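>>> sequence and predicted structure are below.
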Amino acid sequence: ADALLVTGTQLCFFAFAWLFFKRIFEDYEVRNIGGQVLFSLTFALSCNMFELIIFEILDILDRNSRWWNWKIDLYVMMALLIVIIPFYMSYLFLSNYTRYESQTLVLSGILFTVFLMIFYKIGDPFPIVTGKPHTWLAIEHGLSRVGVIGVSTFGVLSGVGSVYGPYIHVAYFLRRIDEEEIVTLQKRLLQTMERILLRKKRLVLAKDELRKQRGYRYKESPGFLSRLFGVVGLGSAPTETQVLLNDIRRLSSEIAMLDNVREELFHEINDLYLGQEKIKKSRTCFGRIRNLAGYILSCYCIFKIFIAAINIIFQRVRKTDPISRVIGILLKFVVNVHIDVEFWSMHASFILVGVIVATQMRGFLINLVRLFHSWSSVHTSNFIIALSSEIMGMYFVSSVLLIRMNLPIKYRRIITDVLGDLEFHFYYHWNDLIFLISALLTISFLVVSRYSVTRTKYSVP
(Lines give C-alpha, C1' and ligand atoms only; values in the text may rest on other atoms or scores of the structure.)
Protein backbone atom coordinates (compact mmCIF):
# COMPACT_ATOMS: atom_id res chain seq x y z
CA ALA A 1 0.00 0.00 0.00
CA ASP A 2 2.84 2.41 0.82
CA ALA A 3 4.57 1.67 -2.48
CA LEU A 4 1.35 2.15 -4.44
CA LEU A 5 0.64 5.49 -2.75
CA VAL A 6 4.12 6.89 -3.39
CA THR A 7 4.23 5.53 -6.96
CA GLY A 8 0.79 6.98 -7.70
CA THR A 9 1.71 10.43 -6.45
CA GLN A 10 5.02 10.29 -8.35
CA LEU A 11 3.15 9.53 -11.56
CA CYS A 12 0.75 12.41 -10.88
CA PHE A 13 3.63 14.82 -10.33
CA PHE A 14 5.37 13.54 -13.48
CA ALA A 15 2.18 13.93 -15.55
CA PHE A 16 1.63 17.46 -14.24
CA ALA A 17 5.21 18.44 -15.16
CA TRP A 18 4.78 16.85 -18.60
CA LEU A 19 1.56 18.81 -19.29
CA PHE A 20 3.09 22.00 -17.87
CA PHE A 21 6.06 21.55 -20.18
CA LYS A 22 3.78 21.07 -23.19
CA ARG A 23 1.70 24.11 -22.31
CA ILE A 24 4.55 26.53 -21.67
CA PHE A 25 6.88 25.48 -24.49
CA GLU A 26 4.33 24.71 -27.21
CA ASP A 27 5.27 27.85 -29.18
CA TYR A 28 8.96 26.93 -29.29
CA GLU A 29 10.78 24.33 -31.33
CA VAL A 30 11.44 21.94 -28.46
CA ARG A 31 11.50 18.53 -30.10
CA ASN A 32 14.06 16.76 -27.93
CA ILE A 33 12.18 14.25 -25.78
CA GLY A 34 15.19 13.80 -23.47
CA GLY A 35 14.92 17.33 -22.09
CA GLN A 36 11.21 16.89 -21.43
CA VAL A 37 11.78 13.61 -19.56
CA LEU A 38 14.58 15.10 -17.42
CA PHE A 39 12.49 18.18 -16.62
CA SER A 40 9.44 16.11 -15.62
CA LEU A 41 11.49 13.61 -13.60
CA THR A 42 13.33 16.36 -11.69
CA PHE A 43 10.05 18.12 -10.93
CA ALA A 44 8.41 14.86 -9.77
CA LEU A 45 11.29 14.02 -7.43
CA SER A 46 11.27 17.55 -6.00
CA CYS A 47 7.54 17.38 -5.31
CA ASN A 48 7.94 13.95 -3.76
CA MET A 49 10.49 15.26 -1.25
CA PHE A 50 8.02 17.94 -0.12
CA GLU A 51 5.32 15.28 0.00
CA LEU A 52 7.48 13.14 2.29
CA ILE A 53 7.88 16.11 4.66
CA ILE A 54 4.09 16.41 4.86
CA PHE A 55 3.79 12.63 5.33
CA GLU A 56 6.27 12.94 8.22
CA ILE A 57 4.15 15.61 9.89
CA LEU A 58 0.85 13.73 9.40
CA ASP A 59 2.46 10.32 10.13
CA ILE A 60 1.39 8.81 6.82
CA LEU A 61 3.21 5.65 5.66
CA ASP A 62 5.40 3.44 7.79
CA ARG A 63 8.55 5.08 9.13
CA ASN A 64 10.82 2.60 7.28
CA SER A 65 8.91 3.24 4.05
CA ARG A 66 9.41 6.97 4.42
CA TRP A 67 13.12 6.47 5.14
CA TRP A 68 13.65 4.31 2.03
CA ASN A 69 11.68 6.71 -0.13
CA TRP A 70 13.86 9.58 1.11
CA LYS A 71 17.01 7.64 0.28
CA ILE A 72 15.83 6.64 -3.20
CA ASP A 73 14.72 10.19 -4.01
CA LEU A 74 17.99 11.74 -2.86
CA TYR A 75 20.25 9.27 -4.69
CA VAL A 76 18.28 9.56 -7.93
CA MET A 77 18.25 13.35 -7.60
CA MET A 78 22.02 13.44 -7.01
CA ALA A 79 22.57 11.23 -10.06
CA LEU A 80 20.48 13.62 -12.15
CA LEU A 81 22.06 16.84 -10.86
CA ILE A 82 25.70 15.71 -10.80
CA VAL A 83 25.97 13.25 -13.71
CA ILE A 84 23.06 12.94 -16.14
CA ILE A 85 21.88 16.55 -16.64
CA PRO A 86 25.40 18.13 -16.73
CA PHE A 87 26.57 15.60 -19.34
CA TYR A 88 23.37 16.15 -21.32
CA MET A 89 23.92 19.92 -21.18
CA SER A 90 27.51 19.49 -22.39
CA TYR A 91 26.27 17.37 -25.28
CA LEU A 92 23.59 19.90 -26.29
CA PHE A 93 26.02 22.81 -26.08
CA LEU A 94 28.72 21.16 -28.19
CA SER A 95 26.33 19.65 -30.74
CA ASN A 96 25.92 23.15 -32.25
CA TYR A 97 29.65 23.38 -32.96
CA THR A 98 30.59 19.84 -34.06
CA ARG A 99 29.77 17.81 -37.15
CA TYR A 100 30.19 14.20 -36.01
CA GLU A 101 28.45 12.33 -33.20
CA SER A 102 31.65 10.69 -31.95
CA GLN A 103 33.40 14.05 -31.78
CA THR A 104 30.50 15.51 -29.80
CA LEU A 105 30.56 12.64 -27.30
CA VAL A 106 34.30 12.86 -26.71
CA LEU A 107 34.26 16.63 -26.20
CA SER A 108 31.18 16.30 -23.98
CA GLY A 109 33.07 13.85 -21.80
CA ILE A 110 35.97 16.29 -21.48
CA LEU A 111 33.66 19.21 -20.64
CA PHE A 112 31.78 17.05 -18.14
CA THR A 113 35.06 16.12 -16.42
CA VAL A 114 35.90 19.82 -16.07
CA PHE A 115 32.46 20.38 -14.54
CA LEU A 116 33.03 17.61 -11.98
CA MET A 117 36.36 19.14 -10.96
CA ILE A 118 34.82 22.60 -10.52
CA PHE A 119 31.81 21.13 -8.73
CA TYR A 120 34.03 19.30 -6.26
CA LYS A 121 36.18 22.39 -5.64
CA ILE A 122 33.09 24.42 -4.72
CA GLY A 123 32.94 22.73 -1.35
CA ASP A 124 36.58 23.32 -0.36
CA PRO A 125 36.21 26.87 1.10
CA PHE A 126 33.07 26.05 3.13
CA PRO A 127 32.49 23.95 6.27
CA ILE A 128 29.65 22.02 4.65
CA VAL A 129 30.29 18.54 6.12
CA THR A 130 31.09 17.47 9.65
CA GLY A 131 34.56 16.23 10.49
CA LYS A 132 33.58 12.55 10.22
CA PRO A 133 35.37 10.57 7.47
CA HIS A 134 33.27 9.75 4.38
CA THR A 135 33.89 7.59 1.34
CA TRP A 136 34.03 9.05 -2.17
CA LEU A 137 30.54 7.71 -2.95
CA ALA A 138 28.96 9.10 0.23
CA ILE A 139 25.89 11.19 -0.50
CA GLU A 140 27.21 13.99 1.74
CA HIS A 141 29.82 15.03 -0.88
CA GLY A 142 27.26 15.65 -3.60
CA LEU A 143 24.43 16.87 -1.41
CA SER A 144 26.57 19.42 0.42
CA ARG A 145 27.81 21.03 -2.81
CA VAL A 146 24.37 20.99 -4.39
CA GLY A 147 23.16 22.68 -1.21
CA VAL A 148 25.70 25.52 -1.57
CA ILE A 149 24.58 26.30 -5.14
CA GLY A 150 20.89 25.81 -4.35
CA VAL A 151 20.93 27.90 -1.18
CA SER A 152 22.73 30.68 -3.09
CA THR A 153 19.98 30.62 -5.73
CA PHE A 154 17.34 30.51 -3.01
CA GLY A 155 18.88 33.50 -1.22
CA VAL A 156 19.14 35.59 -4.39
CA LEU A 157 15.51 34.97 -5.38
CA SER A 158 14.31 35.58 -1.81
CA GLY A 159 16.25 38.84 -1.52
CA VAL A 160 15.00 40.20 -4.84
CA GLY A 161 11.42 39.08 -4.18
CA SER A 162 11.26 40.47 -0.64
CA VAL A 163 12.19 43.94 -1.91
CA TYR A 164 10.61 44.02 -5.36
CA GLY A 165 7.29 42.54 -4.13
CA PRO A 166 6.46 45.41 -1.75
CA TYR A 167 7.85 47.92 -4.27
CA ILE A 168 5.27 47.03 -6.93
CA HIS A 169 2.37 46.73 -4.44
CA VAL A 170 2.73 49.97 -2.45
CA ALA A 171 1.02 52.94 -4.13
CA TYR A 172 3.60 55.36 -2.68
CA PHE A 173 6.25 54.02 -5.07
CA LEU A 174 4.09 54.47 -8.16
CA ARG A 175 5.51 57.10 -10.47
CA ARG A 176 3.37 60.22 -10.87
CA ILE A 177 2.69 60.70 -14.58
CA ASP A 178 1.69 64.02 -16.14
CA GLU A 179 -0.54 64.08 -19.21
CA GLU A 180 1.80 66.66 -20.70
CA GLU A 181 4.64 64.13 -20.60
CA ILE A 182 2.60 61.65 -22.65
CA VAL A 183 1.57 64.33 -25.16
CA THR A 184 5.21 65.38 -25.60
CA LEU A 185 6.33 61.82 -26.26
CA GLN A 186 3.45 61.27 -28.70
CA LYS A 187 4.51 64.36 -30.67
CA ARG A 188 8.08 63.07 -30.77
CA LEU A 189 6.79 59.69 -31.97
CA LEU A 190 4.77 61.30 -34.79
CA GLN A 191 7.75 63.42 -35.82
CA THR A 192 9.97 60.33 -35.87
CA MET A 193 7.47 58.40 -38.01
CA GLU A 194 7.23 61.33 -40.45
CA ARG A 195 11.03 61.42 -40.75
CA ILE A 196 11.08 57.65 -41.38
CA LEU A 197 8.38 57.98 -44.05
CA LEU A 198 10.22 60.82 -45.76
CA ARG A 199 13.48 58.90 -45.89
CA LYS A 200 11.76 55.77 -47.17
CA LYS A 201 10.27 57.78 -50.03
CA ARG A 202 13.69 59.20 -50.86
CA LEU A 203 15.16 55.69 -50.68
CA VAL A 204 12.61 54.32 -53.15
CA LEU A 205 13.25 57.19 -55.56
CA ALA A 206 17.02 56.70 -55.31
CA LYS A 207 16.71 52.96 -56.07
CA ASP A 208 14.43 53.68 -59.07
CA GLU A 209 16.87 56.22 -60.42
CA LEU A 210 19.71 53.76 -59.98
CA ARG A 211 17.87 51.07 -61.92
CA LYS A 212 17.24 53.46 -64.82
CA GLN A 213 20.94 54.10 -65.34
CA ARG A 214 22.21 51.46 -67.85
CA GLY A 215 20.00 48.74 -66.26
CA TYR A 216 21.99 48.89 -63.03
CA ARG A 217 20.60 46.61 -60.33
CA TYR A 218 21.17 47.63 -56.70
CA LYS A 219 22.62 45.08 -54.29
CA GLU A 220 22.46 45.55 -50.52
CA SER A 221 25.97 44.14 -49.95
CA PRO A 222 28.42 44.74 -52.86
CA GLY A 223 31.28 42.33 -53.28
CA PHE A 224 34.77 42.93 -51.99
CA LEU A 225 36.29 43.58 -55.43
CA SER A 226 33.52 46.02 -56.35
CA ARG A 227 34.11 48.00 -53.19
CA LEU A 228 37.88 47.91 -53.68
CA PHE A 229 37.68 49.13 -57.30
CA GLY A 230 35.21 51.77 -56.27
CA VAL A 231 37.60 53.08 -53.61
CA VAL A 232 40.62 53.31 -55.93
CA GLY A 233 38.52 54.70 -58.77
CA LEU A 234 38.68 51.65 -61.08
CA GLY A 235 35.00 50.80 -60.97
CA SER A 236 32.94 50.79 -64.14
CA ALA A 237 30.02 52.67 -62.58
CA PRO A 238 29.87 56.40 -63.37
CA THR A 239 30.23 59.09 -60.73
CA GLU A 240 26.48 59.76 -60.59
CA THR A 241 25.89 56.11 -59.80
CA GLN A 242 28.38 56.25 -56.96
CA VAL A 243 26.56 59.25 -55.52
CA LEU A 244 23.26 57.36 -55.64
CA LEU A 245 24.84 54.33 -53.96
CA ASN A 246 26.17 56.48 -51.13
CA ASP A 247 22.75 58.10 -50.70
CA ILE A 248 21.06 54.72 -50.51
CA ARG A 249 23.46 53.45 -47.84
CA ARG A 250 23.11 56.66 -45.83
CA LEU A 251 19.30 56.60 -46.03
CA SER A 252 19.18 52.92 -45.04
CA SER A 253 21.35 53.63 -42.01
CA GLU A 254 19.21 56.60 -40.96
CA ILE A 255 16.00 54.60 -41.32
CA ALA A 256 17.37 51.82 -39.12
CA MET A 257 18.44 54.34 -36.47
CA LEU A 258 15.06 56.11 -36.54
CA ASP A 259 13.26 52.77 -36.29
CA ASN A 260 15.09 52.08 -33.03
CA VAL A 261 14.10 55.51 -31.72
CA ARG A 262 10.48 54.91 -32.74
CA GLU A 263 10.40 51.56 -30.94
CA GLU A 264 11.86 53.06 -27.75
CA LEU A 265 9.34 55.92 -27.80
CA PHE A 266 6.47 53.51 -28.33
CA HIS A 267 7.51 51.34 -25.38
CA GLU A 268 7.99 54.41 -23.19
CA ILE A 269 4.49 55.73 -24.03
CA ASN A 270 3.04 52.28 -23.38
CA ASP A 271 4.77 52.17 -19.97
CA LEU A 272 3.33 55.57 -19.11
CA TYR A 273 -0.19 54.42 -19.99
CA LEU A 274 0.31 51.28 -17.87
CA GLY A 275 1.53 53.50 -15.02
CA GLN A 276 -1.61 55.64 -15.28
CA GLU A 277 -3.73 52.49 -15.19
CA LYS A 278 -1.92 51.31 -12.05
CA ILE A 279 -2.59 54.66 -10.36
CA LYS A 280 -6.30 54.40 -11.19
CA LYS A 281 -6.48 50.83 -9.86
CA SER A 282 -4.68 51.85 -6.65
CA ARG A 283 -7.61 54.16 -5.83
CA THR A 284 -10.19 51.35 -6.01
CA CYS A 285 -11.18 49.10 -3.10
CA PHE A 286 -9.04 46.25 -4.40
CA GLY A 287 -6.16 48.67 -4.91
CA ARG A 288 -6.36 49.86 -1.31
CA ILE A 289 -6.29 46.25 -0.08
CA ARG A 290 -3.30 45.60 -2.34
CA ASN A 291 -1.62 48.74 -0.97
CA LEU A 292 -2.19 47.55 2.61
CA ALA A 293 -0.73 44.17 1.75
CA GLY A 294 2.26 45.98 0.28
CA TYR A 295 2.87 47.86 3.53
CA ILE A 296 2.63 44.60 5.48
CA LEU A 297 5.14 43.02 3.09
CA SER A 298 7.39 46.04 3.51
CA CYS A 299 7.40 45.61 7.29
CA TYR A 300 8.13 41.92 6.88
CA CYS A 301 10.96 42.72 4.45
CA ILE A 302 12.54 45.17 6.89
CA PHE A 303 12.17 42.69 9.74
CA LYS A 304 13.68 39.86 7.70
CA ILE A 305 16.65 42.00 6.61
CA PHE A 306 17.20 43.07 10.23
CA ILE A 307 17.07 39.48 11.51
CA ALA A 308 19.41 38.29 8.74
CA ALA A 309 21.90 41.02 9.67
CA ILE A 310 21.70 40.07 13.37
CA ASN A 311 22.23 36.39 12.54
CA ILE A 312 25.31 37.20 10.45
CA ILE A 313 26.89 39.72 12.82
CA PHE A 314 26.44 37.66 16.00
CA GLN A 315 26.61 34.22 14.34
CA ARG A 316 23.36 33.39 16.08
CA VAL A 317 22.37 29.71 16.07
CA ARG A 318 18.64 29.06 15.96
CA LYS A 319 17.74 26.43 18.52
CA THR A 320 13.95 26.66 18.38
CA ASP A 321 11.73 26.41 15.35
CA PRO A 322 9.31 29.32 14.75
CA ILE A 323 6.22 27.18 15.36
CA SER A 324 7.26 26.05 18.84
CA ARG A 325 8.36 29.61 19.61
CA VAL A 326 4.94 31.06 18.68
CA ILE A 327 3.09 28.41 20.70
CA GLY A 328 5.42 29.09 23.64
CA ILE A 329 4.59 32.80 23.47
CA LEU A 330 0.88 31.97 23.45
CA LEU A 331 1.26 29.75 26.51
CA LYS A 332 3.26 32.46 28.29
CA PHE A 333 0.92 35.40 27.71
CA VAL A 334 -2.49 33.69 27.45
CA VAL A 335 -3.59 32.94 31.00
CA ASN A 336 -5.82 30.00 32.04
CA VAL A 337 -5.92 28.54 28.54
CA HIS A 338 -4.91 24.91 28.13
CA ILE A 339 -3.27 24.26 24.74
CA ASP A 340 -2.27 20.86 23.41
CA VAL A 341 1.18 21.84 22.18
CA GLU A 342 1.86 18.64 20.22
CA PHE A 343 -1.52 18.74 18.46
CA TRP A 344 -1.30 22.38 17.39
CA SER A 345 2.39 22.05 16.55
CA MET A 346 1.57 19.27 14.09
CA HIS A 347 -1.21 21.24 12.36
CA ALA A 348 0.76 24.49 12.34
CA SER A 349 3.75 22.69 10.83
CA PHE A 350 1.53 21.17 8.16
CA ILE A 351 0.06 24.58 7.24
CA LEU A 352 3.47 26.32 7.25
CA VAL A 353 5.11 23.67 5.07
CA GLY A 354 2.13 23.73 2.71
CA VAL A 355 2.35 27.50 2.33
CA ILE A 356 6.13 27.40 1.85
CA VAL A 357 5.92 24.63 -0.75
CA ALA A 358 3.08 26.31 -2.67
CA THR A 359 4.75 29.73 -2.77
CA GLN A 360 8.16 28.32 -3.70
CA MET A 361 6.73 26.14 -6.46
CA ARG A 362 4.70 29.02 -7.87
CA GLY A 363 7.55 31.53 -7.64
CA PHE A 364 10.09 29.21 -9.19
CA LEU A 365 7.84 28.20 -12.09
CA ILE A 366 7.08 31.87 -12.84
CA ASN A 367 10.80 32.71 -12.87
CA LEU A 368 11.43 29.62 -15.00
CA VAL A 369 8.95 30.76 -17.64
CA ARG A 370 10.47 34.27 -17.65
CA LEU A 371 13.97 32.82 -18.05
CA PHE A 372 12.91 30.66 -20.98
CA HIS A 373 11.04 33.45 -22.76
CA SER A 374 13.97 35.86 -22.32
CA TRP A 375 16.86 33.64 -23.40
CA SER A 376 15.41 30.87 -25.52
CA SER A 377 15.87 30.62 -29.28
CA VAL A 378 15.75 27.92 -31.93
CA HIS A 379 19.33 26.85 -31.16
CA THR A 380 19.31 27.23 -27.37
CA SER A 381 15.80 26.09 -26.32
CA ASN A 382 16.81 22.51 -25.45
CA PHE A 383 19.90 23.69 -23.56
CA ILE A 384 17.84 26.24 -21.58
CA ILE A 385 15.38 23.50 -20.60
CA ALA A 386 18.21 21.27 -19.35
CA LEU A 387 19.71 24.20 -17.44
CA SER A 388 16.28 24.94 -15.93
CA SER A 389 16.01 21.32 -14.78
CA GLU A 390 19.43 21.57 -13.11
CA ILE A 391 18.56 24.83 -11.33
CA MET A 392 15.15 23.51 -10.31
CA GLY A 393 16.62 20.38 -8.73
CA MET A 394 19.28 22.31 -6.79
CA TYR A 395 16.72 24.91 -5.70
CA PHE A 396 14.29 22.40 -4.26
CA VAL A 397 16.97 20.27 -2.59
CA SER A 398 18.21 23.39 -0.82
CA SER A 399 14.60 24.21 0.11
CA VAL A 400 14.43 20.91 1.99
CA LEU A 401 17.62 21.87 3.87
CA LEU A 402 16.10 25.20 4.89
CA ILE A 403 12.59 23.89 5.65
CA ARG A 404 14.15 21.52 8.17
CA MET A 405 14.74 24.41 10.60
CA ASN A 406 11.07 25.45 10.42
CA LEU A 407 9.93 22.08 11.75
CA PRO A 408 9.75 20.94 15.37
CA ILE A 409 12.51 18.53 16.42
CA LYS A 410 10.10 15.58 16.32
CA TYR A 411 9.45 16.01 12.59
CA ARG A 412 12.98 16.90 11.49
CA ARG A 413 14.72 13.80 12.83
CA ILE A 414 14.22 11.60 9.78
CA ILE A 415 15.24 14.50 7.49
CA THR A 416 18.44 14.98 9.49
CA ASP A 417 19.08 11.24 9.29
CA VAL A 418 18.65 10.88 5.53
CA LEU A 419 20.55 14.06 4.63
CA GLY A 420 23.66 12.79 6.39
CA ASP A 421 26.42 14.59 8.28
CA LEU A 422 25.86 18.09 6.93
CA GLU A 423 26.63 21.31 8.77
CA PHE A 424 23.06 22.59 8.70
CA HIS A 425 23.86 25.80 10.56
CA PHE A 426 26.27 26.80 7.79
CA TYR A 427 23.46 26.70 5.24
CA TYR A 428 21.22 28.87 7.44
CA HIS A 429 23.96 31.49 7.85
CA TRP A 430 24.89 31.28 4.15
CA ASN A 431 21.25 31.81 3.17
CA ASP A 432 21.05 34.85 5.48
CA LEU A 433 24.23 36.31 3.94
CA ILE A 434 23.14 35.83 0.31
CA PHE A 435 19.64 37.09 1.14
CA LEU A 436 21.02 40.23 2.80
CA ILE A 437 23.40 41.04 -0.06
CA SER A 438 20.68 40.41 -2.66
CA ALA A 439 18.12 42.55 -0.81
CA LEU A 440 20.54 45.46 -0.32
CA LEU A 441 21.64 45.37 -3.97
CA THR A 442 18.00 45.33 -5.09
CA ILE A 443 17.19 48.32 -2.87
CA SER A 444 20.22 50.19 -4.26
CA PHE A 445 19.20 49.41 -7.84
CA LEU A 446 15.62 50.60 -7.29
CA VAL A 447 16.80 53.81 -5.59
CA VAL A 448 19.26 54.61 -8.39
CA SER A 449 16.76 53.81 -11.16
CA ARG A 450 14.05 55.89 -9.50
CA TYR A 451 16.46 58.80 -8.95
CA SER A 452 17.64 58.66 -12.57
CA VAL A 453 14.04 58.70 -13.86
CA THR A 454 13.19 61.68 -11.62
CA ARG A 455 16.33 63.54 -12.63
CA THR A 456 15.66 62.93 -16.32
CA LYS A 457 12.06 64.11 -15.93
CA TYR A 458 12.89 67.40 -14.23
CA SER A 459 16.21 68.16 -15.87
CA VAL A 460 16.51 71.29 -18.00
CA PRO A 461 17.17 70.41 -21.68
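Received it, and whenever you're ready, just let me know what you need. Residues are numbered from 1 along each chain as shown.
>>> and the helix or strand encompassing residue 299, what's buried?
Element membership of residue 299 [criterion: DSSP states H and E] is helix 285-314. Buried residues in helix 285-314, counted by 16 or more other Cβ atoms under 10 Å: 287, 290-291, 294, 297-298, 301, 304-305, 308, 311-312. (Each C-beta comes from the backbone N, C-alpha and C, glycine too.)
>>> same deal with stretch 417-434?
Buried residues in stretch 417-434 (16+ other Cβ under 10 Å): 418-424, 426-434.
>>> closest one of those to residue 44?
residue 418 (18.1 Å; Cβ to Cβ).
>>> can you count the residues close to residue 174?
Neighbours of residue 174 under the rule other Cβ atoms under 10 Å: 17.
>>> list the residues that contact it.
275, 278-279, 282 (Cβ atoms under 8 Å, 6 or more residues apart in numbering).
>>> can you list phi and psi of residue 7 for me?
Main-chain dihedrals, residue 7, degrees, to the nearest 10: phi -60, psi -40.
>>> just to revisit the earlier point, in helices, which of the contacts of residue 174 fall?
275, 278-279, 282 (DSSP state H).
>>> packing partners for the helix holding residue 299?
The elements that helix 285-314 packs onto, with contact taken as 3 or more Cβ pairs under 8 Å, 6 or more residues apart in numbering; DSSP states H and E, are helix 139-169, helix 239-282, helix 424-458.
>>> so which of these is the most packed in?
Ranked by mean neighbour count, these are led by helix 139-169 with a mean of 21 (mean count of other Cβ atoms under 10 Å).
>>> and it, how far out from the chain's middle?
Its chain's C-alpha centre and that of helix 139-169 lie 10 Å apart, by Cα atoms, centre = their mean, to the nearest Å.
>>> next, the angle helix 424-458 makes with that helix.
Using axes from the mean of the first three to the mean of the last three Cα atoms, to 10 degrees, the inter-axis angle of helix 139-169 relative to helix 424-458 is 30 degrees.
>>> helix 139-169 - contacts with which helices or strands?
Against helix 139-169 (3+ Cβ pairs under 8 Å, 6+ apart) you get helix 63-79, helix 101-122, helix 285-314, helix 341-375, helix 381-403, helix 424-458.
>>> and which of the buried residues of stretch 417-434 is nearest to residue 247?
Of all the buried residues of stretch 417-434, residue 247 sits closest to residue 434, with 56.8 Å by Cβ to Cβ.
>>> what sits closest to that closest one if chain neighbours are left out?
Leaving aside its chain neighbours, residue 434 sits nearest to residue 155 (2.9 Å; criterion: Cβ to Cβ, 6 or more residues apart in numbering).
>>> hang on, isn't that neighbour packed against residue 433?
Yes. Here residue 155 reaches residue 433: they are 7.4 Å apart, a contact under Cβ atoms under 8 Å.
>>> distance of residue 293 relative to residue 95?
From residue 293 over to residue 95 the distance is 47 Å, taken as Cβ to Cβ, to the nearest Å.
>>> need the per-residue pLDDT for the residue lying closest to residue 382 once chain neighbours are set aside.
In space, and not counting its chain neighbours, residue 382 is closest to residue 32: 4.6 Å by Cβ to Cβ, 6+ apart. Per-residue pLDDT puts residue 32 at 70.
>>> could you pull up the residues touching the nearest residue to residue 203 once chain neighbours are set aside?
In space, and not counting its chain neighbours, residue 203 is closest to residue 251: 4.5 Å by Cβ to Cβ, 6+ apart. Taking Cβ under 8 Å, 6+ apart, we find residue 251 in contact with 199, 202-203, 206.
>>> those residues in helices, which ones?
Checking these against DSSP H, those in helices are 199, 202-203, 206.
>>> from the residues you listed, which has minimum pLDDT?
Lowest pLDDT among those: residue 206, 84.
>>> just to check, that residue is in contact with residue 247?
Yes. Contact criterion Cβ under 8 Å: residue 206 and residue 247 qualify, at 5.1 Å.
>>> any low-confidence regions in the stretch 201-350 of the chain?
Judged against pLDDT under 70, the low-scoring parts of the stretch 201-350 of the chain cover residues 214-239, 317-350.
>>> repeat that for 50
216-221, 224-225, 227-237, 335, 350 (pLDDT under 50).
>>> and stretch 54-62, which residues are buried?
55-57, 61.
>>> first-to-last residue distance for that stretch?
End-to-end distance of stretch 54-62 (Cα to Cα, to the nearest Å): 13 Å.
>>> now do that stretch: distance to the chain's middle.
32 Å.
>>> same check, this time on stretch 58-71
Taking Cα atoms, centre = their mean, the mean C-alpha location of stretch 58-71 is offset from the chain mean by 32 Å.
>>> quick one: contacts of it?
Here stretch 58-71 makes contact (Cβ under 8 Å, 6+ apart) with 2-3, 5-6, 48-49, 52, 54-56, 346, 350, 414-415, 417-418.
>>> redo that, cut-off 7 Å
The contact list for stretch 58-71 (Cβ atoms under 7 Å, 6 or more residues apart in numbering) reads 2, 5-6, 52, 55-56, 350, 414, 418.
>>> ok, so of the residues you listed, who is nearest residue 183?
residue 350 (56.2 Å).
>>> the closest residue to residue 115 other than its chain neighbours: neighbouring residues, count only.
Closest residue to residue 115 apart from its sequence neighbours, by Cβ to Cβ, 6+ apart: residue 86 at 5.0 Å. When neighbours are defined as other Cβ under 10 Å, residue 86 has 20 of them.
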